[in-house]
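In: quick one, fold the following:
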Amino acid sequence: MIRDAYGRERHYTIHQEKDRVNMWGTRFGTELWESLTRATRRDEIQKGYDSHADLTVKEIDGFDMVKRMAAEVQVMMQHKIDAIKRIMELAENIALDHKYDKDRGERLKEGRYTYYNAKKLNVLSDDDEGGGDEFGRYLSQYRDPGDDFYAPGYSRMSLTANKHFSGIPVNTSFSSVHVPTNVFDGEPKVINAIDWSRKLDETFKDNYQRDPSLSWQYFGSSTGFLRQYPAMKWLMYEDDPDMYDARMRDWYIKSAASPKDIVILLDTSGSMTGLRKEIAKHVVLNIMETLGEDDFVTVLTFSDETRPLVECFTDSDGEPELVQATTENIAEFTEAVNNIATMEIANFTSALTEAFTLLERYRTKKIGAESNQAIMLVTDGVPYTYETIFQEYNQPHKPVRVFTYLIGREISDLEAAKWMACENKGYFTHVTTLAEVKEQVLKYIPVMARPLVLLRETHPVRWTGVYADIEVPNDRSLWVIGLKKPTTRKRIRELQGKEGSFKGYKLMTSVSIPVYNKKNHTTIEVLGLKPNEIANPFGQVRIAELLGVAGTDVPIAEIEKLIPPYKLGVNGYSFAVNNNGYILYHPDLRPMFQEILKPNYNSVDLAEVELVHNPQHDEPRYNDSALYMMRKEMVDQKDGLARLTVKVHMDDMKRVTVREQEYFYYNISNTPFTLGIVMPTKYGKYRVSGGLELNQNRHIDATSIFSDDRWKLHPDWVYCEYNYAGTDDRKFD
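Out: This is a model prediction of the structure:
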């Protein structure tokens, strides 16, 4: 039964209803076709092709195309690598020639020495009443001491909003320094590093002149500060404490130390209560903060028994296993560590044996990170040295480093914990307050970096996964300081140039390189140790020191610009993945929800965005073998091609269609990334060839061709910006 146009009921047979619906579909399709023909001027375009005999249709080689595109991306990325290598080389040389001054911190306090502190840049006094020129009211120590606006440690600088740096006001003539809240810039080692690193400004500026597409350049010091170019003011808020520490960032951690297998032994015996328990939880969480997706970790709690902190992180036999330090896995550890219960007496023999056995299994089977291994022991007291265990599992080559974190102020016997660390190539730390947790945890990183530092001539280049350009606190760091997660970053957006100019987060990847101290020895004075003329009459100490990490950001948009849509054709697209299978960029990567970054936006797997269609399986994400084979080859940076039938959504996910597509992929040299391009099977590989190509080698008057107002340039296509072709004619638009 169907109602007609007047609402009257009409009775039809099933065949009549079927024919009527078919008629409606045909009529609607015909009208839609005719409307689109008029709107797109399809007939005129067809006549244009028919009237030009020089136009032909040819089939392109998708694999050859992706190979050439990967080479172009590699050239662009090599410019970034060359830039950070220049920073690294200069940093090592100026640090070698620097004359250490133990009194520089006192001069900073007295106003006789200064630097551009990003937190104390262009600051108004608390009693500022407004009026007049704001720049003239900024506090600065470059004024006469009798001036009302004179203030030691503060400085002012002309900052101009720059669209290349997301509209942030910057000064491209200088760099500025960010010092974390938990680092004292007057400490001699810190202020001396700040002093010698100021000479990096000339290299920063030279790099930017060589390559105007270069984004932020920076040097993160092992002492804690970050020197960033161009100079900018670091935003500070009373209700939003500054928790940023460059040494906790992925670009720093990856370059400072090799990938690692970590077993954290957390003492949950009856004595670990109150403040000790809270400090221990913070130590574990801060260790987690220093791990990245190339690392593998597990947490074992021990009292009378040793068991995994997260019960599901075990193998088929119920034995503990290491898991990749992804955001999701770290979140599981974070939730579990908040719910630990303490009881019984600590059995160190069982815990150490379990940890060594687990790491030995991963080492012999060559699984996990296949690099450094370490045990992190978090406890409020170690009764014995347990030498027999270390002799059995870690002698003579000591493949596992041991780091001991002794918790609590009232502990008197530290010797056993010190012995464990020092005899096993680790580091001993005594943590007495919550405030010092982060700084004490970070001391393990330079120790893990020593094998690379000792080589000195080898400087591995590291790339991070994708991340947003604005620092957004994550759940882990917010838990440590007891804050709720913010739902907006409006204040940051308003200060990015003009109010309301924020257009969304800019996705980036970073490339970094370690900076080593070329000195083999240093003095006791520099290390802050007490002199001992009997044990060390010359006052010299052998060192293998990491000075820091140099790096720069590479906007994902810079990669996409080298893979223009017109080359990929209708419904074609490109994407890239890293060595863990995570998406660097993809048309179906949706990192935001209502202007808020999703928690796991930077760990989206390729298998989550390519949805294979298989009529025999109804589940949303069927584990298709062809997709996983392609993913494995891209992770292993192999080149190849594949053909998949996938589900594709359209119109903001209102409709879904099924499309057969061909995939071509090729590795980007000197990076952990693999580039892929996708073309529809039936029509994606065909292109119209012929006509005129407008470029700088053919002097053609474009106005004679585009003589009327029927032509427009595509607003999203890049026609000329940065020249990475390697020619002498390096012109930039």
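In: every contact and neighbour count from this point should use C-alpha atoms.
Out: OK.
In: parallel or antiparallel, list what pairs with whichever strand in the chain runs longest.
Out: In the chain, taking DSSP state E as the definition, the longest strand is strand 655-667. With DSSP bridges as the test, strand 655-667 is paired with strand 640-650 (antiparallel), strand 674-680 (antiparallel).
In: show me the shaky parts of the stretch 251-400 of the chain.
Out: Regions of the stretch 251-400 of the chain meeting the criterion pLDDT under 70 are absent.
In: all strands of it, in order?
Out: Counting by DSSP state E, counting those that start in this stretch, the stretch 251-400 of the chain has strands at residues 260-267, 296-302, 306-308, 323-324, 372-379, 400-407.
In: nearest to residue 684, of the ones you listed?
Out: Proximity to residue 684 (Cα to Cα) singles out strand 323-324 among the strands of the stretch 251-400 of the chain, at 37.9 Å.
In: packing partners for that closest one?
Out: Applying 3 or more Cα pairs under 8 Å, 6 or more residues apart in numbering; DSSP states H and E, we find strand 323-324 packed against strand 296-302.
In: can you show me the CA trace of the strand it packs on as CSV?
Out: Extracted C-alpha coordinates of strand 296-302, given in CSV (Å, rounded to 0.1, in the frame of the first residue of the first chain):
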residue,chain,number,x,y,z
PHE,A,296,59.2,-2.0,26.2
VAL,A,297,58.2,-2.1,29.8
THR,A,298,56.5,-3.9,32.6
VAL,A,299,55.9,-3.3,36.3
LEU,A,300,56.2,-6.1,38.9
THR,A,301,55.0,-5.5,42.4
PHE,A,302,56.6,-7.5,45.2
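In: partner strands of that strand and their direction?
Out: Take DSSP bridges as the rule and strand 296-302 pairs in its sheet with strand 260-267 (parallel), strand 306-308 (antiparallel), strand 323-324 (antiparallel).
In: next, the angle from the longest one to strand 372-379.
Out: Meaning strand 260-267. 10 degrees (axes from the mean of the first three to the mean of the last three Cα atoms, to 10 degrees).
In: with just CA atoms, put strand 260-267 into PDB.
Out: C-alpha atoms of strand 260-267 as PDB (Å, rounded to 0.1, in the frame of the first residue of the first chain):
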ATOM      1  CA  LYS A 260      65.300  -0.100  26.000                       C
ATOM      2  CA  ASP A 261      63.600  -3.000  27.900                       C
ATOM      3  CA  ILE A 262      62.600  -1.800  31.300                       C
ATOM      4  CA  VAL A 263      61.400  -3.900  34.300                       C
ATOM      5  CA  ILE A 264      60.200  -1.700  37.200                       C
ATOM      6  CA  LEU A 265      60.200  -3.500  40.600                       C
ATOM      7  CA  LEU A 266      57.800  -1.700  42.900                       C
ATOM      8  CA  ASP A 267      58.000  -2.500  46.600                       C
END
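In: show residues contacting that strand.
Out: Residues from elsewhere that reach strand 260-267 (Cα atoms under 8 Å, 6 or more residues apart in numbering): 280, 284, 294-303, 322, 346, 351, 355, 359, 368-380.
In: angle of that strand against strand 400-407?
Out: 40 degrees.
In: quick one: strand 260-267 to chain centroid distance?
Out: When C-alpha coordinates are averaged (Cα atoms, centre = their mean, to the nearest Å), strand 260-267 and its chain have centres 24 Å apart.
In: still on that earlier bit, which of the strands paired with strand 655-667 sits closest to residue 326?
Out: Residue 326 lies closest, by Cα to Cα, to one member of the strands paired with strand 655-667: strand 674-680, at 20.0 Å.
In: next structured bit after the closest one?
Out: Of the helices and strands lying after strand 674-680 in sequence (DSSP states H and E), the nearest is strand 686-689.
In: tell me what the top helix by length along the chain is packed against?
Out: If you go by DSSP state H, the chain has its longest helix at helix 62-97. Counting contacts by 3+ Cα pairs under 8 Å, 6+ apart, helix 62-97 is packed against helix 188-197, helix 201-210, strand 507-516, strand 546-555, strand 655-667, strand 674-680.
In: mean confidence for the last one?
Out: Looking at strand 674-680 alone, the average pLDDT works out to 97.
In: count the neighbours of the residue lying closest to residue 353 once chain neighbours are set aside for me.
Out: Spatial nearest neighbour of residue 353, excluding adjacent residues (Cα to Cα, 6 or more residues apart in numbering): residue 389 at 7.0 Å. A count of nearby residues for residue 389, using other Cα atoms under 10 Å, gives 15.
In: OK, contacts around residue 389?
Out: When contacts are counted by Cα under 8 Å, 6+ apart, residue 389 touches 349, 352-353.
In: next one: residue 84
Out: Counting by Cα under 8 Å, 6+ apart, residue 84 touches 217, 512-513, 550-552.
In: can you pull out the low-pLDDT segments for the stretch 551-700 of the chain?
Out: Within the stretch 551-700 of the chain, the stretches with pLDDT under 70 are 692-700.
In: let's see 90
Out: Residue ranges of the stretch 551-700 of the chain with pLDDT under 90: 561, 564-566, 590-603, 614-625, 649-655, 682, 686-700.
In: closest to residue 250 out of the strands of the stretch 251-400 of the chain?
Out: The closest of the strands of the stretch 251-400 of the chain to residue 250 is strand 260-267. By Cα to Cα, the value is 13.8 Å.
In: hmm, back to that, neighbour count and distance to residue 64 for the contacts of residue 84 - can I get that in JSON lines?
Out: Converted to JSON lines, those look like this (neighbours: other Cα atoms under 10 Å; distance: Cα to Cα, whole Å):
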{"residue": "217", "neighbour count": "27", "distance to residue 64": "34"}
{"residue": "512", "neighbour count": "32", "distance to residue 64": "30"}
{"residue": "513", "neighbour count": "26", "distance to residue 64": "32"}
{"residue": "550", "neighbour count": "29", "distance to residue 64": "35"}
{"residue": "551", "neighbour count": "29", "distance to residue 64": "32"}
{"residue": "552", "neighbour count": "23", "distance to residue 64": "30"}
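In: and of these, the nearest to residue 53?
Out: residue 552 (50.1 Å).
In: so what's that closest one closest to, chain neighbours aside?
Out: In this structure, residue 552 finds its nearest non-sequential neighbour in residue 217, 4.4 Å apart by Cα to Cα, 6+ apart.
In: what's opposite that neighbour in the beta bridge?
Out: residue 229, residue 552.
In: thinking residue 225 is in contact with residue 178, fair?
Out: Yes. Between residue 225 and residue 178 a contact is recorded at 5.6 Å, counting by Cα atoms under 8 Å.
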